[in-house]
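1. quick one, structure for this:
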Amino acid sequence: MGKKSVLIALLLVIMVGTRFLSLPPNFSPLGAFALFGGAYISHKWLKYALPLLMIWVSDVFINNIIYTEYVDGFALFYQGSFINYLAFASIICVGAMIKKKSQLTVIIGATVSSVLFFVISNLGVWAFTEMYPNTMNGLVSCYTFALPFFKNTLVSTLLCSAVLFGIVEGATAYSTKVARS
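-> Reported below is the predicted structural model:
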């Protein structure tokens, strides 16, 4: 395993660790985490399996250790988890499309990722919970009430993507510069 692979793995572990911090609602590193994994993990199935597995393991820990009062018994999944994993898998697809890791492609990727998560996860809330009626008005209400949370999703995905991609690209540029010296 090369230095770049070790750095990428370390950043993925750190990003999962940030889930245990007290953050504002929907301010989460997971969108950036999935985007980053899709962009940097080269193995075709591992780029999906590793980020999704890490998200799932941290979900199991969070739901069964931290939020035990909301779970009856031990739960491997929570209501809506599959739709959220679908959203993260779609974000990994976006990351896989990022070939040239420039500021512009990362900003576009992070923005598209945030929109995808918003659309897919809230569609899941509307379709698979009883929070909103399964009508067009219910769907519109679901997205309308979710809009205030979108800002935190977008800001956190942009910020965490900048950190993750910036560290790897900066380290790569630095090591290339040192190697040429």
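2. so where do the helices sit in this structure?
-> All helices of the chain, identified by DSSP state H, fall at 3-17, 30-40, 46-61, 81-97, 103-128, 136-180.
3. highest average neighbour count across the ones you listed?
-> Sort the helices of the chain by mean neighbour count, taking mean count of other Cβ atoms under 10 Å, and helix 30-40 sits at the top with a mean of 27. No exception for glycine: its C-beta is placed from N, CA and C like everyone else's.
4. mean confidence for that one?
-> For helix 30-40, mean pLDDT is 94.
5. return the distance of it from the chain's centre.
-> 6 Å (Cα atoms, centre = their mean, to the nearest Å).
6. got it, and stretch 92-106?
-> Centroid separation for stretch 92-106 versus its chain: 14 Å, with Cα atoms, centre = their mean.
7. start and end of it, how far apart?
-> 13 Å (Cα to Cα, to the nearest Å).
8. ok so, going back, can you say which of the helices of the chain is nearest to F74?
-> helix 46-61 (8.6 Å; Cβ to Cβ).
9. what inclination does the helix or strand bottoming out on mean pLDDT in the chain have with respect to helix 46-61?
-> The helix or strand of the chain with the poorest confidence is helix 3-17; it has a mean of 81 (mean pLDDT, DSSP states H and E). For helix 3-17 against helix 46-61, the angle by axes from the mean of the first three to the mean of the last three Cα atoms, to 10 degrees is 30 degrees.
10. switch to numbering from 32
-> I'll keep to 32 as the first residue from here, and by that count the last item is helix 34-48.
11. packing partners of helix 34-48?
-> helix 61-71, helix 77-92, helix 167-211 (3 or more Cβ pairs under 8 Å, 6 or more residues apart in numbering; DSSP states H and E).
12. just put those helices in CSV and tack on distance to G111.
-> Shown next, in CSV, are those (distance: least, Cβ to Cβ, whole Å):
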stretch, distance to G111
helix 61-71, 14
helix 77-92, 11
helix 167-211, 12
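13. lowest average pLDDT across these?
-> Among the helices and strands packed on helix 34-48, helix 77-92 carries the lowest mean pLDDT (a mean of 89).
14. what's in contact with that one?
-> 43-44, 47, 50-51, 61, 64-65, 68-69, 72, 106-109, 112, 116, 119-120, 123, 126-127 (Cβ atoms under 8 Å, 6 or more residues apart in numbering).
15. mind doing that once more with 7 Å?
-> When contacts are defined by Cβ atoms under 7 Å, 6 or more residues apart in numbering, helix 77-92 is touched by residues 43, 47, 50, 61, 64-65, 68-69, 72, 107, 109, 112, 116, 119-120, 123, 127.
16. one step back: columns distance to T99 on top of the helices of the chain, output as TSV?
-> Supplementary listing: the helices of the chain in TSV, determined by distance: least, Cβ to Cβ, whole Å:
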stretch	distance to T99
helix 34-48	20
helix 61-71	21
helix 77-92	11
helix 112-128	17
helix 134-159	23
helix 167-211	24
